[in-house]
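Participant: with the sequence up front, the predicted model follows.
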Amino acid sequence: MVLGRQVTQAFDELPRDQRDRVAELPAVVGRLEERAEALRARGRTGPELTNTVAALERVRLAVLQLRAGAGSVEGLTHYLEAAKAVGEEVDRQLEAQREVRAVLHP
């Protein structure tokens, strides 16, 4: 959750025109944080959690680079799209776990 707050804070410090171009960033970061918490709650500290945290970190670094003038909105958008894909994969895995539990423990 600390990582998510760092991303959001860095995003808030971007110029308005840049924030407008990646307006979905806070929502994507929030969903990734929720997924990470769900994985931790289920004891899933393996690759799914690692990938989720890594996606958040890549987005954070892209925002910091943009803020420092060393990155681009396009680069940030690339990492944001990759983060969404990681989140969607985690969603599929969590749903599959729920389905398995429902079958094994009706």
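Facilitator: Received the coordinates, thanks. Numbers count the residues shown, from 1 in each chain.
Participant: pull the contacting residues for residue 63.
Facilitator: Residues counted as contacts of residue 63 (CB atoms under 8 Å, 6 or more residues apart in numbering) are 7, 10, 11, 14, 25, 71, 76. Heads up, the C-betas are built off the backbone N, CA and C, glycines and all.
Participant: where's the nearest residue to the fifth one once chain neighbours are set aside, which helix or strand?
Facilitator: In this structure, residue 25 finds its nearest non-sequential neighbour in residue 11, 5.3 Å apart by CB to CB, 6 or more residues apart in numbering. Under the criterion DSSP states H and E, the helix or strand holding residue 11 is helix 2-12.
Participant: and residue 79, by the same measure?
Facilitator: helix 73-104.
Participant: ditto for residue 44
Facilitator: Here residue 44 is assigned to no helix or strand, by DSSP H and E.
Participant: what about it, distance to residue 94?
Facilitator: 8 Å (CB to CB, to the nearest Å).
Participant: ok so, going back, now do the buried residues in the helix holding residue 11.
Facilitator: 3, 4, 6, 7, 8, 10, 11 (16 or more other CB atoms under 10 Å).
Participant: ok, and what's touching it?
Facilitator: Against helix 2-12 from outside (CB under 8 Å, 6+ apart): 19, 22, 25-26, 29-30, 32-33, 53, 56-57, 59-60, 63-64, 67.
Participant: show me which of the residues you listed are buried.
Facilitator: For the contacts of helix 2-12, buried by 16+ other CB under 10 Å: 19, 22, 25, 29, 32-33, 53, 56, 59-60, 63-64, 67.
Participant: dihedrals phi and psi, residue 30?
Facilitator: Torsion angles at residue 30 (phi, psi; degrees, to the nearest 10) stand at phi -60, psi -40.
Participant: now it, nearest residue through space, not along the chain?
Facilitator: residue 4 (7.0 Å).
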